[in-house]
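Visitor: Generate coordinates for the sequence data below:
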Amino acid sequence: MSAKTTEKIKTYNPSRFREKFLGEDNPIHLLFKSNSDHFFCLEIEEIMQMQYPVPPSKHSCHTLIFITSGQHVMKLGYQEYITTDNEMIMVPAGQIFSLDNVNSIHKGFICQFHPDILIGKYGSREMLNEFDFIKISGNPKVAFASKDVPDITAILNRLQKEYSETESANLNIVQSYLIALFYEMNKNLVKSTKSISAAEIITNKFKELIHEHIKTNHFVHYYASLLNVTPNHLNKSVRTVTGKSTAKWIDETILLEAKYLLFQTTLSVSEIAIQVGLEDQSYFSRFFKKNEGISPIQYRKMIDKS
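Guide: Presented below is the predicted three-dimensional model:
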């Protein structure tokens, strides 16, 4: 088997992401230290100077954005999230995201940290399971009560200080402050999601499952069986919550994963077809063009020109 066939799906690490979307000559690179691929925390207005919109991509790190004033817009998967004053959005590692409007005026903090930081000295699997927002299926957005904002700002200021004022951030200190921040987030997240409906629970679990199994199974009845519901009940729940059918979600997930592979890897179209579970290259090409309006090869050429 060739090396290309066994090539794994790539994700951006922090330095590669900055090179691609901030430009090699951008003075912003001076803000990033030798261990910034594991952790950094900066004021968002210092870093949000991207030169290009970001197409659907994945990141190797968790990204946390807290807005103190203004408005931040991004997509997670196909869903758009608008984050405003005293709100936070979490982009879990491995989540597909995109940015169209990268130069909107807003203030706040951006922290990025490798998932391994959460496992270190003070972490445990049981504790991390408490934090829904670091799961791809979780609710990524938190709106803070005004009384909690000073505590959130204080934690983020301390994280920024640890990054900016030391040669190499103490990751044990970083972890302890991140865990404190997560519990503050949980406190506010519970208030915003305690009335979640059964349909929303099913839909969230379905979206996580298709992300995990899209390479091997595209059938609605398969996901319904994993959730112990009928296909009709699953479709009704998903349509009620999202306005789209389960089949549409599956197709969009295939398309999004294919776009990612076209953008991030050197895999051939036939190899990408196999990666997304459509082994017939001609069918995959027709499927892609039907949904995107151009062929996979044309899409890759368009990316290369950007």
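
Visitor: Which stretches in the stretch 201-306 of the chain count as helices?
Guide: Per DSSP state H, counting those that start in this stretch, the stretch 201-306 of the chain has helices spanning 220-227, 231-242, 246-264, 269-275, 281-292, 296-305. These are given in chain order.

Visitor: Specify the angle between the second one and helix 220-227 in degrees.
Guide: Spelled out, that is helix 231-242. Taking axes from the mean of the first three to the mean of the last three Cα atoms, to 10 degrees, one finds helix 231-242 and helix 220-227 inclined to each other by 90 degrees.

Visitor: In terms of secondary structure, what does helix 231-242 contact?
Guide: The criterion is 3 or more Cβ pairs under 8 Å, 6 or more residues apart in numbering; DSSP states H and E, and the helices and strands that helix 231-242 contacts are helix 198-213, helix 220-227, helix 246-264. The way it works is simple: take the backbone N, C-alpha and C, and place the C-beta from them, glycine included.

Visitor: how about those helices in a markdown table, adding mean neighbour count, mean pLDDT and distance to K290?
Guide: As requested, the helices and strands packed on helix 231-242 are exported to a markdown table (neighbours: other Cβ atoms under 10 Å; pLDDT from 0 to 100; distance: least, Cβ to Cβ, whole Å):
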| stretch | mean neighbour count | mean pLDDT | distance to K290 |
| --- | --- | --- | --- |
| helix 198-213 | 17 | 89 | 19 |
| helix 220-227 | 17 | 96 | 19 |
| helix 246-264 | 20 | 87 | 9 |
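
Visitor: S282: which of those is closest?
Guide: helix 246-264 (14.5 Å; Cβ to Cβ).

Visitor: Give me the helices and strands touching that closest one, please.
Guide: The helices and strands touching helix 246-264, judged by 3+ Cβ pairs under 8 Å, 6+ apart, are strand 54-57, helix 198-213, helix 220-227, helix 231-242, helix 269-275, helix 281-292, helix 296-305.

Visitor: what number of residues lie near the spatially closest residue to V54 that is not a sequence neighbour?
Guide: Using Cβ to Cβ, 6 or more residues apart in numbering and skipping the chain neighbours, the partner closest in space to V54 is L99 (4.1 Å). A count of neighbours around L99, defined by other Cβ atoms under 10 Å, yields 19.

Visitor: Next, find the distance separating L99 from K207.
Guide: 20 Å (Cβ to Cβ, to the nearest Å).

Visitor: hang on, G94 packs against K58?
Guide: Yes - the pair G94 / K58 is scored as a contact, 5.7 Å apart, by Cβ atoms under 8 Å.

Visitor: re the thing from before, out of the helices and strands packed on helix 231-242, nearest to N291?
Guide: Each of the helices and strands packed on helix 231-242 has some distance to N291 by Cβ to Cβ; the shortest is helix 246-264, at 5.2 Å.

Visitor: How far off centre is the closest one?
Guide: In terms of Cα atoms, centre = their mean, to the nearest Å, the centre of helix 246-264 is found 14 Å from the chain centre.

Visitor: Compute the inter-axis angle for it and helix 220-227.
Guide: For helix 246-264 against helix 220-227, the angle by the same axes, to 10 degrees is 100 degrees.

Visitor: Would you mind giving the helices of the stretch 201-306 of the chain as JSON lines with distance to G70 added?
Guide: As requested, the helices of the stretch 201-306 of the chain are exported to JSON lines (distance: least, Cβ to Cβ, whole Å):
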{"stretch": "helix 220-227", "distance to G70": "39"}
{"stretch": "helix 231-242", "distance to G70": "28"}
{"stretch": "helix 246-264", "distance to G70": "28"}
{"stretch": "helix 269-275", "distance to G70": "38"}
{"stretch": "helix 281-292", "distance to G70": "32"}
{"stretch": "helix 296-305", "distance to G70": "30"}
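
Visitor: Looking at those, spot the one closest to L159.
Guide: Distances from L159 to each of these were compared using Cβ to Cβ; the shortest belongs to helix 246-264, at 29.3 Å.
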